[in-house]
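# Pasted the sequence and its predicted model underneath.
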Amino acid sequence: MAEIITPRQIIKGLLEGVAPPRPLFLPIVFSHGARIENLPVRTFLTNPTKITNSLRQIRAHLRSDGITCYFDPFLEAEELGGVVHWDTEGRTPSIRWPQDTAAGELPTGRSSFTETSKGSRVAVAVEVIRRLKSVVRDDCLLTAGVTGPITLAALLSQVNLNDALQYSKLSASALDFATSVISGIAKALVEAGANALFIREDILPEFSTEECAEWASQLATTVNIIRFYQALPVLLLTHKESFTTNRDVILRQHWDCVICLVLNGALPDGLAEAPESGGTQFGVALPPEAFRVGGSSAAELDESLWRAVSKLRPAIITTTGDVASAADVERLNELWENVLR
């Protein structure tokens, strides 16, 4: 009988540079718990008991390699004084800064991230991880997400992410500040017991070689902290065109993390050559809308993902963000079974 390799053993191998025998299946399924608990997402995000209970229920039905303990794109911004505004249904958030903060300036009143103060949602995330760590089995990974330095610096500087982003428009102080905040939060999460952390970059500028090297250096601060705790850092690049534009300069960097790229019907440009670029491990990320109930392109997505797995042998299969609360969990299971056929 062949030896069964656990997800934690796969992570240990990845940290040592060993290609996994199969990809880890780690879809980001978090706010679905608010639906289970019949709560608005804004309320759900602040209640560790409700989060923990719902995630245990999700775990019972979702055949993945782990649990998403916390995932919120505005977590860091709120820690730094931003105010999260929700729509009338309490579902779609946006961030606003104090009126005395001009565009391009850092918010005042916070000069660093100092652990998890009472009432902080980072403290909620830490508590969820600690609770789940005490009850899950060794075959279950605990994951969470933090924002990447460029995305957070753009958010802090009130840059419109829908516009073409220029690296020169992001101040060095904003990037340094973002890096220190992300590193502090990542340390709190892996200290609590997270096995893998997604570092999410929603948009990238068109880099010069020097700018890309500087970005990689900023990321390395957080990556090294995560690896120190024997957890797996995963760089989640959610904007396919950003990778295509920067493919060559990105692949010339040395990465001590898994890089996940968007797969939405076709292989990401340049991914076929990635396994030969410095030994970097790559993964694929699926858009959350692919799992909406009644989706019409399920068969095509399954087939494209199967081809990607067969050809590229990715280390991880995940999603570009939190799967919508109305998503069909059974559809996720079906997709995974089809990929492993």
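Nice, thanks for sending it over.
# what comes up buried for the helix or strand hosting residue 219?
If you go by DSSP states H and E, residue 219 is part of helix 209-228. Buried residues in helix 209-228, defined by neighbour count with 16 or more other Cβ atoms under 10 Å: 211-212, 214-216, 218-220, 222-223, 225-227. For glycine as for every other residue, the C-beta is placed from the backbone atoms N, C-alpha and C.
# Run the chain-centre distance for the helix or strand hosting residue 84.
Assigned by DSSP H and E, residue 84 falls within strand 83-86. Strand 83-86 sits 21 Å away from the centroid of its parent chain (Cα atoms, centre = their mean, to the nearest Å).
# Check which element follows it along the chain.
Using DSSP H and E, the next helix or strand after strand 83-86 towards the C-terminus is strand 93-96.
# by contact count, what packs against the strand holding residue 84?
Applying 3 or more Cβ pairs under 8 Å, 6 or more residues apart in numbering; DSSP states H and E, we find strand 83-86 packed against helix 41-44, strand 93-96.
# and the first one, what's its mean pLDDT?
Taken as a whole, helix 41-44 has an average pLDDT of 89.
# And for the very next helix or strand once past that helix, what's in contact with it?
Per DSSP H and E, the first helix or strand lying C-terminal to helix 41-44 is helix 48-61. Residues outside helix 48-61 that contact it (Cβ atoms under 8 Å, 6 or more residues apart in numbering) are 29-30, 32-34, 36-37, 39, 44-45, 67-70, 124, 127-128, 131-132, 135-136, 140, 329-330, 333.
# Inside strands: which ones of those?
Judged by DSSP state E, those include 67-70 as members of strands.
# What is the nearest of these to residue 253?
If you rank the ones in strands among the contacts of helix 48-61 by distance to residue 253 using Cβ to Cβ, residue 68 comes first, at 27.3 Å.
# Would you mark the buried spots in stretch 151-170?
For stretch 151-170, a neighbour-count test (16+ other Cβ under 10 Å) marks 151-159, 165, 167, 170 as buried.
# Kindly export it (C-alpha atoms) in PDB.
This file holds the C-alpha atoms of stretch 151-170, laid out as PDB (Å, rounded to 0.1, in the frame of the first residue of the first chain):
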ATOM      1  CA  THR A 151      -1.500  46.700  -2.800                       C
ATOM      2  CA  LEU A 152      -1.500  48.000   0.800                       C
ATOM      3  CA  ALA A 153       0.800  51.000   0.000                       C
ATOM      4  CA  ALA A 154      -1.600  51.900  -2.900                       C
ATOM      5  CA  LEU A 155      -4.600  51.600  -0.500                       C
ATOM      6  CA  LEU A 156      -2.800  53.700   2.100                       C
ATOM      7  CA  SER A 157      -1.900  56.300  -0.500                       C
ATOM      8  CA  GLN A 158      -5.500  56.300  -1.800                       C
ATOM      9  CA  VAL A 159      -4.400  55.300  -5.300                       C
ATOM     10  CA  ASN A 160      -7.300  54.000  -7.500                       C
ATOM     11  CA  LEU A 161      -6.400  50.400  -8.300                       C
ATOM     12  CA  ASN A 162      -8.600  50.600 -11.400                       C
ATOM     13  CA  ASP A 163      -6.100  53.100 -12.900                       C
ATOM     14  CA  ALA A 164      -2.700  52.100 -14.400                       C
ATOM     15  CA  LEU A 165      -0.400  51.900 -11.400                       C
ATOM     16  CA  GLN A 166       3.000  53.500 -11.500                       C
ATOM     17  CA  TYR A 167       5.600  52.300  -9.100                       C
ATOM     18  CA  SER A 168       7.200  55.800  -8.900                       C
ATOM     19  CA  LYS A 169       3.800  57.100  -7.700                       C
ATOM     20  CA  LEU A 170       4.100  55.000  -4.500                       C
END
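# Where does the residue most central in space within the chain sit: helix, strand or coil?
By Cα atoms, centre = their mean, the chain has its centre lying nearest to residue 198, at 3.2 Å. Here residue 198 is strand, with the state taken from DSSP: H, G, I helix; E, B strand; the rest coil.
# Can you show me the helices along the stretch 1-150 of the chain?
Counting by DSSP state H, counting those that start in this stretch, the stretch 1-150 of the chain has helices at residues 7-15, 32-37, 41-44, 48-61, 75-79, 121-133, 149-156.
# can you redo those as a markdown table with distance to residue 320?
Shown next, in a markdown table, are the helices of the stretch 1-150 of the chain (distance: least, Cβ to Cβ, whole Å):
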| stretch | distance to residue 320 |
| --- | --- |
| helix 7-15 | 20 |
| helix 32-37 | 16 |
| helix 41-44 | 18 |
| helix 48-61 | 19 |
| helix 75-79 | 17 |
| helix 121-133 | 20 |
| helix 149-156 | 13 |
